[in-house]
Structure formats: structure tokens, C-alpha cells
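Q: Sequence and predicted structure, then a few things I'm wondering about:
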Amino acid sequence: MKSATTYRLLFLWLTIALAASCLLSVSLGSVSIPLKSTLGILLGDVTNESWSYIIWNYRIPKTLTAMLVGSGLALSGLLMQTLFRNPLAGPFVLGISSGASLGAALLIMGSSAFAGITTFGLVNDVSVAIAASMGSFLVLLSVMTVAAKVKDTMALLIIGLMFGSITAAIVSVLSYFSNAEQLQQFVFWSFGSVGNLSWRQLLLLFGIVLLGVLLSVHTVKALNALLLGENYAKSLGVNLKKARYVIILATGLLAGGITAFAGPIAFVGLAVPHLARQLFDTTDHKILVPAVLLYGSILMLLCDTVAQVPNDTSVLPINAITSILGAPVVIWLLVRKRKMIF
């Protein structure tokens with residue numbers, strides 16, 4: 001355990017790193033904009049209208065989306081790892097992300113599979129987000145219903161994985177019957193992206209993530225108690241049934257909402273909680289919750305900066321970047337520490 005002063009310094013450094021990552025994300029892109037001009041535009045000194053339009057309508061929404069996605073996935077991963085006391089648990093173990101993928105797949109590829117007609121006229125970013133939201137909500141509702149009947153947390157984990165397997169199987173069937181254009185469109189969606197949201201969509205995503213964060217903060221006491229087992233949590237007066245509901249609901253909102261708007265983005269939710277535990281050397285969720293929010297935002301911003309090749313219109317799949325950059329770091333940290341704090 002570190003001292004309170006050390007924790008404050010770590011949070012200060014993470015905040016500085018987050019500010020630097022935001023500035024880097026806004027500065028770099030397909031159009032070269034000098035850093036001095038970027039700072040001037042952010043401060044209200046507009047010297048170039050086209051640069052100002054690009055920054056305020058494309059780069060800032062993309063930067064904010066990356067922050068919301070990274071922080072939300074990291075927090076949902078922390079919730080799942082604590083609930084199931086499993087270091088390999090991530091935000092998608094309950095099948096909620098698979099439900100969102102199923103909703104998107106039904107919209108993009110379902111018509112071709114069942115009726116032999118296309119719906120390209122109805123398929124756009126908004127309709128896909130709505131379909132994915134409905135899919136994740138239905139799976140979340142199913143998991144919540146099962147949680148009311150199953151007392152064993154590990155059984156709930158297995159059931160969540162089964163939900164994910166069922167939805168993935170349906171997506172595979174849809175993919176088999178879809179045509180090349182629909183399959184390509186679904187594959188591109190599955191790559192993940194943080195650069196397609198309008199200000200209105202961004203505001204909706206912010207509301208979903210904020211609600212998930214507030215629910216998570218409400219369960220900090222229960223999360224700390226669950227680390228020592230369910231019997232210990234009961235002895236402290238924790239209502240396990242209510243706590244499990246709230247944790248699952250918070251995870252569903254975070255993982256489902258983010259997947260609906262940004263696609264299924266891997267690795268962040270699994271790795272960031274471990275990185276935060278290694279950095280802060282604690283399992284106290286009063287510290288870990290804000291830590292993973294900051295850490296997840298920074299990691300996602302850096303990955304998105306790499307994915308957006310500077311001065312080039314090419315954008316690499318964000319899913320690939322998160323794993324390529326993040327996995328070696330986690331491996332190095334675990335090898336260096338030679339133990340996993342959990």
C-alpha cells in the first residue's frame with residue numbers, strides 16, 4: 001500500500017498525461033494542423049476556418065469518444081473482474097457485447113439471410129447503433145432475469161458465456177448467408193471506431209457512460225467486500241443480490257452502450273484494471289475506480305492516435321492497435337512484478 005501523498009501524485013501525473021494525450025489526439029490527423037494553431041483554435045483564436053471546422057466537428061468529438069470508450073470499458077472490466085474474482089474476466093463475459101453484435105448483424109445481414117433482399121437504404125451509423133443497443137439490451141435483460149434465479153456467481157459467469165456463444169453462432173449463420181457487400185460492412189463495423197459520432201450521438205453516449213459510472217461508484221463498498229468472498233461480504237451487511245444487480249446493470253450500460261456506438265473494442269477492459277493495480281499497488285476500489293477511468297482514457301487516446309495515421313487518410317482498425325500496443329505492456333509488467341495483484 002502506498003501513502004495518500006503518493007496516490008495524489010500518481011493521480012496528478014495521470015491527469016497531466018490525459019491532458020497531453022487529448023492535445024496529441026486533437027493535433028494529429030489526416031490534415032496537418034500545426035500545434036500552435038490547434039491551441040489557438042481551442043482558445044478561440046480562429047485564423048483558419050477550415051482548420052477550426054475540422055477540429056470542432058471531427059477531432060474533438062473523436063477525442064471525447066475515445067475518452068468515454070476507454071474509461072467505460074476499463075471500468076466495466078474492473079467490475080467484472082471483482083464480481084467474479086477472476087483476473088481473466090472482461091466487460092464482455094456476460095455476452096452483452098455479443099448481443100450488440102447480433103443486433104448490428106441482424107440489421108446489416110439479416111434481410112439477405114431471411115428474405116434475400118438488401119436494406120442498404122436503411123443501414124447507416126444511427127440505425128446500426130440503435131440495432132446494436134437493442135441487441136445488447138435484450139441480452140442484458142436476459143442476464144438480469146437469470147441472475148434473479150441463480151445464486152452462484154460462477155454459474156452466472158458460465159451462463160453469460162453461453163449467451164455469448166449463442167449470439168456468436170447466430171452471427172456466424174447470418175454471415176454465411178449474407179452477400180459480400182453486407183459481410184464487408186459488418187466486418188468494418190466489428191473493427192471498432194471512435195471517429196463516426198456526431199455531437200448528438202456523443203451526448204447520448206456520455207449520458208450512458210455517466211449513468212454506468214454513478215452506479216459503479218454506488219457499489220464501491222460492495223466491490224471491496226466481494227474481494228474477500230461472498231460470505232465475508234454478507235457478514236459486513238452487504239446485500240449481495242442487490243449489489244450483483246447493480247454491478248451487472250452498470251456493466252451492461254457501459255459495455256453495451258459503448259459497443260453500440262463504437263463497435264466491439266477488445267483488450268482495454270481486460271488489461272487496464274491490471275495496469276491500474278500494478279501502478280497503484282492496491283485493491284481498494286475507492287482508488288481503482290478513478291484510476292481505471294483515467295488510465296483507460298489515456299490508453300484509448302494513444303491507440304486512436306496511432307490508428308489515425310498522421311497526414312494520411314488511412315485509419316487502422318482500432319481493435320488491432322489496442323491489442324498490439326497494450327498486450328506487450330501487460331506481459332512486461334506481470335513478468336517484472338512476478339505476481340498479479342488481485
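A: Noted; the coordinates are in hand. Because the structure is predicted, anything quoted here is derived from the model rather than measured.
Q: Distance check, residue 208 against residue 249.
A: Residue 208 sits 12 Å away from residue 249, going by C-beta to C-beta, to the nearest Å. Where C-beta positions appear, they are placed from N, C-alpha and C, glycine not excepted.
Q: With residue 243 instead?
A: Between residue 243 and residue 249 the distance is 11 Å, computed by C-beta to C-beta.
Q: Which residues does the helix or strand encompassing residue 154 contact?
A: Taking DSSP states H and E as the criterion, the element that holds residue 154 is helix 153-177. With C-beta atoms under 8 Å, 6 or more residues apart in numbering as the contact definition, helix 153-177 has outside contacts at 83-84, 86, 89, 92-95, 97-99, 101-102, 105-106, 109-110, 112-113, 135, 139, 142-143, 146-147, 150, 183, 186, 230, 244.
Q: give me the low-pLDDT residue ranges for the protein?
A: Applying pLDDT under 70 to the chain flags the ranges 1, 111-123, 310-313, 333-334, 337-342.
Q: Just give me the residue right at the centre of it.
A: In the chain, the centroid-proximal residue (C-alpha atoms, centre = their mean) is residue 73; its distance is 2.8 Å.
Q: quick one: contacts for that one?
A: Taking C-beta under 8 Å, 6+ apart as the criterion, residue 73 is in contact with 91, 254, 255, 258, 265, 268, 269, 272, 296, 300.
Q: So which of those residues is the closest to residue 52?
A: Proximity of the contacts of residue 73 to residue 52 (C-beta to C-beta) peaks at residue 300, which lies at 24.9 Å.
Q: From residue 22, how far off is the nearest residue to that closest one once chain neighbours are set aside?
A: Sequence neighbours aside, residue 70 is the residue nearest to residue 300 in space, at 2.7 Å (criterion: C-beta to C-beta, 6 or more residues apart in numbering). Counting by C-beta to C-beta, the separation of residue 70 from residue 22 is 12 Å.
Q: next one: residue 188
A: When distance is defined by C-beta to C-beta, residue 188 is 26 Å away from residue 22.
Q: Kindly report the same for residue 64.
A: In this structure, residue 64 and residue 22 are 9 Å apart, going by C-beta to C-beta.
Q: ok so, going back, looking at residue 188 and residue 22, which one has more neighbours?
A: Between residue 188 and residue 22, counting by other C-beta atoms under 10 Å, residue 22 is the more crowded of the two (19 against 13).
Q: Give the helix, strand or coil label for the residue of the chain positioned farthest from its centre.
A: Farthest-out residue of the chain from its mean C-alpha position, per C-alpha atoms, centre = their mean: residue 47, at 35.9 Å. Assigned state for residue 47: coil (three-state reduction, DSSP: H, G, I helix; E, B strand; the rest coil).
Q: so it makes contact with residue 36?
A: No: in this structure, residue 47 sits apart from residue 36 without contact. The criterion is C-beta atoms under 8 Å, and the distance is 9.8 Å.
Q: which neighbours do those two share?
A: Common contacts of residue 47 and residue 36, defined by C-beta under 8 Å, 6+ apart, are absent altogether.
Q: quick one on the thing from earlier: which neighbours do residue 70 and residue 22 have in common?
A: Common contacts of residue 70 and residue 22 (C-beta under 8 Å, 6+ apart): residue 301.
Q: Just the CA trace of the one helix or strand residue 24 maps to, in PDB.
A: According to DSSP H and E, residue 24 maps onto helix 4-27. Only the C-alpha atoms of helix 4-27 are listed here, as PDB (Å, rounded to 0.1, in the frame of the first residue of the first chain):
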ATOM      1  CA  ALA A   4      -2.100   9.100   0.400                       C
ATOM      2  CA  THR A   5       0.500  11.600  -0.900                       C
ATOM      3  CA  THR A   6       1.800   9.000  -3.400                       C
ATOM      4  CA  TYR A   7      -1.700   8.400  -4.600                       C
ATOM      5  CA  ARG A   8      -2.300  12.100  -5.100                       C
ATOM      6  CA  LEU A   9       0.900  12.400  -7.100                       C
ATOM      7  CA  LEU A  10       0.000   9.400  -9.300                       C
ATOM      8  CA  PHE A  11      -3.400  10.900 -10.000                       C
ATOM      9  CA  LEU A  12      -1.700  14.200 -10.800                       C
ATOM     10  CA  TRP A  13       0.600  12.500 -13.300                       C
ATOM     11  CA  LEU A  14      -2.200  10.600 -14.900                       C
ATOM     12  CA  THR A  15      -4.200  13.800 -15.200                       C
ATOM     13  CA  ILE A  16      -1.300  15.500 -16.900                       C
ATOM     14  CA  ALA A  17      -0.800  12.500 -19.200                       C
ATOM     15  CA  LEU A  18      -4.500  12.600 -20.100                       C
ATOM     16  CA  ALA A  19      -4.300  16.300 -21.000                       C
ATOM     17  CA  ALA A  20      -1.300  15.700 -23.100                       C
ATOM     18  CA  SER A  21      -3.000  12.700 -24.800                       C
ATOM     19  CA  CYS A  22      -6.000  14.800 -25.600                       C
ATOM     20  CA  LEU A  23      -3.900  17.500 -27.100                       C
ATOM     21  CA  LEU A  24      -2.000  15.000 -29.200                       C
ATOM     22  CA  SER A  25      -5.200  13.400 -30.400                       C
ATOM     23  CA  VAL A  26      -6.700  16.700 -31.500                       C
ATOM     24  CA  SER A  27      -3.400  17.800 -33.200                       C
END
